[in-house]
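Colleague: sequence first, then the predicted structure:
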2 protein chains.
Amino acid sequence: MTVAGATRRGAGETVHGRNPATGETLSPAYRYGSAADVADACAAAEDAVDLVRATPTDRRARFLEAVAEHLEALGETVIDRAAAESGLPVVRLTGELGRTTGQLRLFADVVREGSWADAHLDPALPHRTPLPRPDIRRRAVPLGPVAVFGASNFPLAFSVAGGDTASALAAGCPVVVKAHDAHPGTSEYVARAVVAAADATDMPPGVFSLLYGDGPGLGTALATDPRIAAVGFTGSRSAGTALMRAAAGRKVPIPVYAEMSAVNPVFLLPGALTARGAELGRAFVDSLTLGVGQFCTNPGIVVAENGPGLDAFLAAAADAIAATEPAPMLTSAIARNYAAGVEALTTVATEIARGPATDAPNAGRAALFAVDAGTFLSESTLHDEVFGASALVVRCADATETERVARALEGQLTATVHADDSDLPTAGRLLGILERTAGRILFDGWPTGVEVGHAMVHGGPYPATSDGRSTSVGARAMDRFLRPVAYQNVPAELLPSAIADGNPDGIVRRVDGRFTRD
Amino acid sequence: MTVAGATRRGAGETVHGRNPATGETLSPAYRYGSAADVADACAAAEDAVDLVRATPTDRRARFLEAVAEHLEALGETVIDRAAAESGLPVVRLTGELGRTTGQLRLFADVVREGSWADAHLDPALPHRTPLPRPDIRRRAVPLGPVAVFGASNFPLAFSVAGGDTASALAAGCPVVVKAHDAHPGTSEYVARAVVAAADATDMPPGVFSLLYGDGPGLGTALATDPRIAAVGFTGSRSAGTALMRAAAGRKVPIPVYAEMSAVNPVFLLPGALTARGAELGRAFVDSLTLGVGQFCTNPGIVVAENGPGLDAFLAAAADAIAATEPAPMLTSAIARNYAAGVEALTTVATEIARGPATDAPNAGRAALFAVDAGTFLSESTLHDEVFGASALVVRCADATETERVARALEGQLTATVHADDSDLPTAGRLLGILERTAGRILFDGWPTGVEVGHAMVHGGPYPATSDGRSTSVGARAMDRFLRPVAYQNVPAELLPSAIADGNPDGIVRRVDGRFTRD
């Protein structure tokens, strides 16, 4: 563990990395922390709050860039360890490291650009009648220490120095990470990079800590520590909702940003299906099986009208699934849950295809099922995510039934529509429905692959996330860890630079509501 | 009641307006609605969602302006009724009506201005390596039907067509209001104005409903109706936290924006106290007794160092309190709770002054107490709000103790500092502490009086509100009822105008993160 810059060995239960591809136990052993370790990390984070908040934005940006540089310096060391602990291929993890460092650098740019401060100035109107208007300004301040729970499926990009940590640090919040048990060694390497970067850029040591522990014990202690001001989480619906309950039950409730579960529906409209059913079937399986189906944006539901186009789609998808290579899932627990989820589907849906059988440990065999819309609408369990490369095709009689299925879906991270020109009227109606369900709506592509940019929304209504008003990917992920403060008639000498006279930071601000750099 | 434009008489318990100044029961009688009335109002709101959302912004703005015009047309009728039901003076309610209509017009302007749509465009980069970038756009969409629980202390500005309703309608959300029992007749008049305005501007009838009922029954049914997507509330901490629990316990949890309680600390620094202790004492009592102390921003705690300046402050404040005119509180329940809160203070704090005794019904006698900082820090009940014109002076030995008191405070709507030039170093340290506690920090003024503008934050960390990331007053109150959606490669024909090519709405948008009207 790392508590405020110092390496610390826990005294609790022992945890090892395990190679899911071989079943091999990896060295060294890590040990869980205690309630005292949580308290120390949170106290150090609280002690760092004022210093981190007051850090000039350029230094905060350099800290993020330094984390990226130290991660790059680790290079193969961390990639190989992540590959051993996750079973993911080196090429994928190389790309993921690039995504992680790119994300840190995006936040560095965003911190410098300054619009996250949401600076407003409503100048005084001393002669207004019946009452003069005082000088009122507004800016965003960091919430305070943030607890981050890393995900297993992106051991770099959604873990110790992933999007939640990067955006919280960018917002000026100290971070305490609970390492995911599936990659303790990767977590240690990444934590070292963060600590070295904090050191190199003079950030206070309490700005970052890494703890090992189980969710119900150490995780709950962390989320309910009175010094923690917000939680970022990526993982299962059960763990995410447990955190939501814990946070709501605190003396002072705090926001929880939990990204939990989604089936990411794909709508194949008749024109598109007729024109390229087989091609869509092959491309769909590529998306379905990416990362052994372990993407939060994995397409788990396909909605389409019956007809020759759908038949061609299903035939091509079945062939593609039969040709997939068996690959290990991230952990044996995930592999077991996946097998159970697929098994449950066989009792209510028609099996269309399965990936090749294998004796390899923890393999996640791709699976495709079909069911008619009536059954789908009446069986709520069919709406649940099966984490892995399993998908369910919902066969509809017509556009009306397609829309009925769309309206019945729970909150989603993404919704995808494949449409030709002839499908546009239907697609327009669907868009209106999906805008109420999903955080991202995409046409003529596949939901896996989440661009890290300014416009991205990786979020969506419950249960996709705990808070559909936010995104966990992209520049605006910072907003989750900020809150507004108004400053009325505050003396010029005391005003923070973001809202000071003369705009010393040179940022975009709103003066009487108008955007300006004046 | 008004359900989707139609007047409906409840079949439940009877409720009457009551004049707190006279104890007189007012006609007519109103009757509580049932679970079926809640369901009908919510179903109508849900039916209206797509239409309201699709309304062109100019028509939505005209709807808000029409509400303001219809309220002005009611004029004295609604003011007199509100005066009879609240005991508040006509001059105050005339001002409050102006605030209410001004707020509606501000939101109309904001709706037209368009930056609430938070439009982003990250154009496609087809030649980017290793992977092309898709076209990604983003805008804000309304959450869906909003339940609004009006407050008793502002029967116009924070009630049926107050800030929550105005901002939710501005965001494109249908609204179902639970009327406050303290002003059923005022609520009926205002609802008629909203319905007439919806009619005149072709809004669907489901855009607005008004229900009568009790909090635990009808209120809970409303907040937990599956069609309700968010809650706006102003009232007590117990009722607000009950709504938070109800919302968190839903199958699909929803955001609750509850403005609940605050003691709005005022820090009198030594330089300011020495220079004008007596003047500050008189001005403080003016703020404390405004609206018989029934403002959410009422200053309930004064923190100051012992010395001649504080003595002068206390002497002048005591004289001013002795000279106050007795006035009725809003309801007999509020008057009883206030008397009990004051009574409890007498057991732990020193009474400095009381307003004149009176036999008038429901009178709220102003009260000023003092306590040393050590007692304040150890007695958590002293941190609680006593709703009404009661304040507690916390006597500190020095600046260190003042800062300790500041750090011990719960979340607040406001924090006020009175400082002279000699106080600036202390004031700067205090500012850093208060930024973590309060939604608005003001210098050399008084917290009562909340400007409705762009920069205003009327919010603050729990328990001041349930969600310190938001404001319930000012242009940005709309943000509470919106969430972001990303549009990836959506065909140009289907893109909403806020993010369409060529910027047809002419609004400020962010292209690759840069603000532009291009």
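Modeller: Cool, the structure landed.
Colleague: do the longest helix along chain A and chain B meet?
Modeller: Using DSSP state H to define each element, chain A has its longest helix at helix A:90-113. Yes: using Cβ under 8 Å from any Cβ of the partner chain, helix A:90-113 reaches chain B at A:95, A:110, A:113. Heads up, the C-betas are built off the backbone N, CA and C, glycines and all.
Colleague: just the buried ones from those residues, in ChimeraX syntax?
Modeller: Command for ChimeraX, covering only those of the residues of helix A:90-113 next to chain B found buried under the criterion 16 or more other Cβ atoms under 10 Å in any protein chain shown:
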select /A:110,113
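Colleague: how about the contacts made by A:K251?
Modeller: Contact partners of A:K251, counting by Cβ atoms under 8 Å, 6 or more residues apart in numbering or on different chains, are A:P226.
Colleague: which ones are touching the residue in the stretch 151-300 of chain A positioned nearest to chain B?
Modeller: Residue nearest to chain B within the stretch 151-300 of chain A (Cβ to the nearest Cβ): A:A248, separated by 4.4 Å. Neighbouring residues of A:A248 by Cβ under 8 Å, 6+ apart: B:244-245, B:248.
Colleague: follow-up on the earlier one: identify each buried residue in the longest helix of chain A, please.
Modeller: By neighbour count, with 16+ other Cβ under 10 Å as the criterion, the buried positions of helix A:90-113 are A:92-94, A:96-101, A:103-108, A:110-111, A:113.
Colleague: now stretch A:362-374
Modeller: For stretch A:362-374, by 16+ other Cβ under 10 Å, it's A:362-373.
Colleague: A:T14 versus A:Y32, what's the distance?
Modeller: Distance, A:Y32 to A:T14, by Cβ to Cβ, to the nearest Å: 8 Å.
Colleague: name the residue in those two with the higher neighbour count.
Modeller: Between A:Y32 and A:T14, A:Y32 has the larger neighbour count (other Cβ atoms under 10 Å in any protein chain shown), namely 20 against 11.
Colleague: how much space separates that one from chain B?
Modeller: Applying Cβ to the nearest Cβ, to the nearest Å, the value for A:Y32 to chain B is 29 Å.
Colleague: so how far is A:V15 from that residue?
Modeller: The value you get for A:Y32 to A:V15, if Cβ to Cβ is used, is 7 Å.
Colleague: identify the contacts common to these two.
Modeller: A:Y212.
Colleague: buried set for stretch A:493-501?
Modeller: Buried residues in stretch A:493-501, counted by 16+ other Cβ under 10 Å: A:494-500.
Colleague: and if you look at stretch A:211-221?
Modeller: For stretch A:211-221, the neighbour count (16+ other Cβ under 10 Å) marks A:211-213, A:215, A:217-221 as buried.
Colleague: mind picking the two most distant members of those residues?
Modeller: A:Y212 and A:T220 (14.7 Å; Cβ to Cβ).
Colleague: let's see which of the contacts of A:A248 end up in helices.
Modeller: Going by DSSP H, the helices hold B:244-245, B:248 from the contacts of A:A248.
Colleague: chain A: which of the residues you listed is nearest?
Modeller: B:A248 (4.4 Å).
Colleague: quickly find the element holding A:A360.
Modeller: In this assignment (DSSP states H and E), A:A360 forms part of neither any helix nor any strand.
Colleague: dump the residue contacts of it.
Modeller: A:A360 neighbours (Cβ under 8 Å, 6+ apart): A:21, A:326, A:328.
Colleague: try 6 Å
Modeller: For A:A360, the contact set (Cβ atoms under 6 Å, 6 or more residues apart in numbering or on different chains) comprises A:P326.
Colleague: show me what from the stretch 351-500 of chain A comes close to chain B.
Modeller: Within the stretch 351-500 of chain A, the residues that sit near chain B (Cβ under 6 Å from any Cβ of the partner chain) are A:424, A:428, A:431, A:435, A:440-445, A:451, A:453-457, A:462, A:468-469, A:483-490, A:493-494.
Colleague: look at A:V405 and report its pLDDT.
Modeller: Each residue has a pLDDT score; the one for A:V405 is 98.
Colleague: would you map the strands across the stretch 1-150 of chain A?
Modeller: In the stretch 1-150 of chain A, the strands defined using DSSP state E, counting those that start in this stretch lie at A:2-3, A:6-7, A:14-18, A:25-31, A:120-122, A:136-142, A:146-149.
Colleague: possible to save those strands as JSON lines with distance to A:F284 and mean pLDDT?
Modeller: Below are the strands of the stretch 1-150 of chain A laid out as JSON lines (distance: least, Cβ to Cβ, whole Å; pLDDT from 0 to 100):
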{"stretch": "strand A:2-3", "distance to A:F284": "42", "mean pLDDT": "97"}
{"stretch": "strand A:6-7", "distance to A:F284": "46", "mean pLDDT": "96"}
{"stretch": "strand A:14-18", "distance to A:F284": "32", "mean pLDDT": "97"}
{"stretch": "strand A:25-31", "distance to A:F284": "35", "mean pLDDT": "97"}
{"stretch": "strand A:120-122", "distance to A:F284": "46", "mean pLDDT": "98"}
{"stretch": "strand A:136-142", "distance to A:F284": "41", "mean pLDDT": "98"}
{"stretch": "strand A:146-149", "distance to A:F284": "31", "mean pLDDT": "98"}
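Colleague: for these, which one ends up most surrounded?
Modeller: Ranked by mean neighbour count, the strands of the stretch 1-150 of chain A are led by strand A:146-149 with a mean of 29 (mean count of other Cβ atoms under 10 Å in any protein chain shown).
Colleague: what helices or strands is that strand leaning on?
Modeller: Contact analysis of strand A:146-149 by 3 or more Cβ pairs under 6 Å, 6 or more residues apart in numbering or on different chains; DSSP states H and E lists helix A:163-170, strand A:175-178, strand A:230-234 as its packing neighbours.
Colleague: highest average neighbour count across those?
Modeller: When these are scored by mean count of other Cβ under 10 Å, the highest mean neighbour count falls to helix A:163-170 (a mean of 30).
Colleague: what segments of the stretch 151-300 of chain A are helices?
Modeller: Here the stretch 151-300 of chain A has its helices, by DSSP state H, counting those that start in this stretch, at A:163-170, A:184-200, A:220-224, A:237-248, A:270-289.
Colleague: in the fourth one, what's buried?
Modeller: What that stands for is helix A:237-248. By neighbour count on 16+ other Cβ under 10 Å, the buried set for helix A:237-248 is A:237, A:239-244, A:246-248.
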